[in-house]
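K.L.:
Got a predicted structure plus its sequence, pasted below:
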Amino acid sequence: MLSSKKQSTTETRRHGEKFGFSFPVFLRVSVSPWRVLGFLLVASLFGAAQHITFRDITAQAGIRFTHNNGAFGKKWLPETMGPGCAFIDYDNDGFPDILLVNGQDWPGHAKSGATTLKLYHNNHDGTFTDVTRKSGLGISLFGLGATVGDYDNDGFDDIFITAVGQSHLFHNNGNGTFTDATKSAGLWGPNEFSTGAAWVDYDRDGKLDLVVANYVQWSEQTDLYCTLDGSHKSYCTPESYKGTSGRLWHNLGNGKFEDATQKAGLYDPTSKGLGVAILDYNNDGWPDILIANDTQPNKLYLNKKNGAFEERAVSAGIAFSEDGVARAGMGVDAADYDRSGSASLIITNFSNQMLSLYHNEGNGLFVDEAARSEVGRATLLTLGFGCFFFDYDNDGWQDILIADGHIEDQIESVQKRVSYAEPPHLFRNLANGKFEEVTNKLGSAFGAPKVARGAAYADINNDGALDVLLMTNGGPPHLYLNQGGTNQSLRIKLVGAKSNRDGIGAIVRVGAGGDKQWLTMKTGSSYLSQSELVLTFGMGSKTKADIVEVDWPSGQVDKLSNIATGQTVTVQEAKGQIAARPYGKK
């Protein structure tokens, strides 16, 4: 924890930087409120303030898509859950492409015609081309989520799609096409209600394994009748259904997987899983697994380094709310938002429950800071789904985005303060463990109410600023271009050798002028969605990183020095920097 003097100094510095004003070193001491006010007035009048907006470019980018949730009036449970999305550079051209997950009509209730997954190729000019048909991904399924990773280490990222029924694994052939490898990989058979998923090398053997969350036991025949007003059917909460265990698929190599759920200690038929996050919460170098459960206790699986896990959520303090209630966990993410050296957590919950902001105390315990922060107050009435930490203004501190939207379109008739379509939340990190909501400062399109679900981020135009993709249930996606920022950034792409090819699980540390920050290369997180597999470090006004250190899952450590900002640097395991591309280059 910061001392009161350090807190005051840090807060003073941050408020100055908010207006584009940097305090000299000799002024970074305790000063009177009047002097601070004077500095801020000068800064506001003469400083180069950042005015960042998120501009909706969906239409001009050529993305034409409407999610089919299959709804036909009966309000079947899966209809309101999706969709997710993913950023994937499937052709390795350095520009992230977009994958949109879709549902389908229920048998006997056709209304939309054939709807499929959609893959959009990034044209490097702010536009995208629909390449679904030639990619081989144009299949119809009741899809929910997606996760991206190179499971066979051939240099091209593959895709796993979670679904109601049969989930699918698509192998990237390296020529712009994908092959459905579900059966050949040994993943065919489980007919489940699969939701969040993540690739993780849990045994650190260099091959990516797969964690898949499952929601509840549901079928068209076992759908239940629930009502909000006593006269009309509504969507049931998961409390009405039995839970079901998620799965852990162990990568055997040669394109094959085995179900390792039980022997790894992850079998839990009481779970009702939605969000999956991978983190090393005790800093022992081994990836742990967090499952956000809906109306059941969240699960935190500690990696025992022998192929097995031990469940620790209760003792860690994240299973329940502070008053002992299992909340409606939806989306999840992990990051070190206060530079404490340990990864903290966010978990989105139902309306009237507020977001969970679990601070990692570094001793195996988490403390929920939401209720004492603006993050908690602002999210009390909204229903959050997609969520992530990311540095939207490139000031070196992890901010928080929440995608909101209720599940029941008639909720306002019974809860006057709760809405069906809701604005997202974006909380700017103030660097002292506090956040401020800045949603209404980022443009009217971004702050407009939506029935949002999945959310992901990527730098789609190679300008060093992170853009955002939000999915809506039964509606269109929204692609937001990050504009107006003046801060520097440095982006790191990894190429594993002994470790998995994507470097998933690697920790990258960047030091510059006394500031230190770190990020983990990971999949999963958010809700049913996948952000890009490139790490973006906000650098503020700094023009170089003094040191970049990569701790690989294999144990290899690579160090670079004096790395200029304004570029994407590719680091190969045991070789160091092998490529660099300046921002703005097509």
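P.N.:
Arrived safely, thanks for sending.
K.L.:
wait, Ile139 sits on Thr116?
P.N.:
Yes. Between Ile139 and Thr116 there is a contact under C-beta atoms under 8 Å: 5.8 Å. Every C-beta, even on glycine, is put in place using the N, C-alpha and C of the backbone.
K.L.:
List the contacts of Lys585.
P.N.:
The neighbours of Lys585, taking C-beta atoms under 8 Å, 6 or more residues apart in numbering as the test, are Asn462.
K.L.:
again, only this time at 10 Å
P.N.:
Lys585 sits next to 94, 124, 462, 567-568 when contact means C-beta atoms under 10 Å, 6 or more residues apart in numbering.
K.L.:
And the residues you listed, which is closest to Asn303?
P.N.:
For the contacts of Lys585, the minimum distance to Asn303 (C-beta to C-beta) is 30.5 Å, reached by Thr568.
K.L.:
Make sure that closest one is indeed in a strand.
P.N.:
Yes. Note on Thr568: a strand contains this position according to DSSP: H, G, I helix; E, B strand; the rest coil.
K.L.:
My read is that it contacts Ile492, right?
P.N.:
Yes. Thr568 is within contact range of Ile492, at 7.5 Å (criterion: C-beta atoms under 10 Å).
K.L.:
Same list, the contacts of Lys585, but as TSV with pLDDT please.
P.N.:
Shown next, in TSV, are these (pLDDT from 0 to 100):
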residue	pLDDT
Gly94	97
His124	97
Asn462	98
Gln567	98
Thr568	98
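K.L.:
For those residues, work out which two are farthest apart.
P.N.:
Across the contacts of Lys585, no pair lies farther apart than His124 and Gln567, at 16.5 Å, counting by C-beta to C-beta.
K.L.:
Please compare those two by neighbour count and tell me which comes out ahead.
P.N.:
Shown here are His124 and Gln567; by other C-beta atoms under 10 Å, Gln567 has more neighbours (18 against 14).
K.L.:
Could you give the bridge partners of the more buried one?
P.N.:
Following DSSP bridges, Gln567 is listed with bridge partners Leu490, Pro582.
K.L.:
Identify each of the strands in the stretch 51-200 of the chain and give its residue range.
P.N.:
Here the stretch 51-200 of the chain has its strands, by DSSP state E, counting those that start in this stretch, at 53-56, 85-88, 97-100, 118-122, 128-130, 143-149, 158-165, 168-172, 178-180, 192-200.
K.L.:
Could you say which one of the ones you listed comes nearest to Leu365?
P.N.:
Proximity to Leu365 (C-beta to C-beta) singles out strand 192-200 among the strands of the stretch 51-200 of the chain, at 23.3 Å.
K.L.:
Would you check that Ala59 makes contact with Ala445?
P.N.:
No. Judged on C-beta under 10 Å, Ala59 makes no contact with Ala445 at a distance of 11.0 Å.
K.L.:
Please identify which of the two sits among more neighbours.
P.N.:
Ala445 (14 against 10).
K.L.:
counting contacts, what elements does the strand or helix carrying the more buried one pack onto?
P.N.:
Using DSSP states H and E, Ala445 sits within helix 444-447. When contacts are defined as 3 or more C-beta pairs under 10 Å, 6 or more residues apart in numbering; DSSP states H and E, helix 444-447 sits against strand 53-56, strand 425-429, strand 478-483.
K.L.:
pLDDT averaged over that helix, what's the number?
P.N.:
Helix 444-447 carries an average pLDDT of 97.
K.L.:
ditto for stretch 317-330
P.N.:
The model assigns stretch 317-330 a mean pLDDT of 90.
K.L.:
Could you give me the buried positions within that stretch?
P.N.:
Buried positions in stretch 317-330, judged by neighbour count with 16 or more other C-beta atoms under 10 Å: 317-319, 321, 326-330.
K.L.:
ok, now stretch 349-361?
P.N.:
Residues 349-351, 353-360 are the ones in stretch 349-361 that count as buried (16+ other C-beta under 10 Å).
K.L.:
Go ahead and flag the most central residue of this structure.
P.N.:
Ser526 (3.2 Å; C-alpha atoms, centre = their mean).
K.L.:
dump the residue contacts of Met330.
P.N.:
By C-beta under 10 Å, 6+ apart, Met330 lies in contact with 81, 195-196, 274-275, 292-294, 347-350, 383-387, 402-403, 453, 526-528.
K.L.:
again, but for His232
P.N.:
With contacts defined as C-beta under 10 Å, 6+ apart, the neighbours of His232 are 75, 410, 413.
K.L.:
Any chance of those residues in JSON lines with neighbour count, distance to Thr379 and pLDDT as columns?
P.N.:
Shown next, in JSON lines, are the contacts of His232 (neighbours: other C-beta atoms under 10 Å; distance: C-beta to C-beta, whole Å; pLDDT from 0 to 100):
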{"residue": "Lys75", "neighbour count": "20", "distance to Thr379": "26", "pLDDT": "93"}
{"residue": "Gln410", "neighbour count": "13", "distance to Thr379": "22", "pLDDT": "84"}
{"residue": "Ser413", "neighbour count": "11", "distance to Thr379": "22", "pLDDT": "82"}
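K.L.:
tell me which element the residue nearest to Glu258 when sequence neighbours are not counted falls in.
P.N.:
Leaving aside its sequence neighbours, Glu258 sits nearest to His250 (C-beta to C-beta, 6 or more residues apart in numbering; 5.1 Å). Using DSSP H and E, His250 maps to strand 247-253.
K.L.:
Tell me what angle that strand forms with strand 168-172.
P.N.:
Interaxial angle of strand 247-253 relative to strand 168-172 (axes from the mean of the first three to the mean of the last three C-alpha atoms, to 10 degrees): 30 degrees.
K.L.:
following strand 247-253, which helix or strand shows up next?
P.N.:
Tracing the chain C-terminally past strand 247-253 and defining elements by DSSP H and E, one meets strand 256-259 next.
K.L.:
Could you export that following strand as CSV, CA atoms only?
P.N.:
C-alpha atoms of strand 256-259 as CSV (Å, rounded to 0.1, in the frame of the first residue of the first chain):
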residue,chain,number,x,y,z
LYS,A,256,-4.8,-34.9,-30.5
PHE,A,257,-6.4,-34.1,-27.1
GLU,A,258,-7.5,-36.1,-24.1
ASP,A,259,-10.1,-35.2,-21.5
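K.L.:
who's in contact with that strand?
P.N.:
151-152, 169, 181, 184-187, 189-190, 207-210, 247-252, 267.
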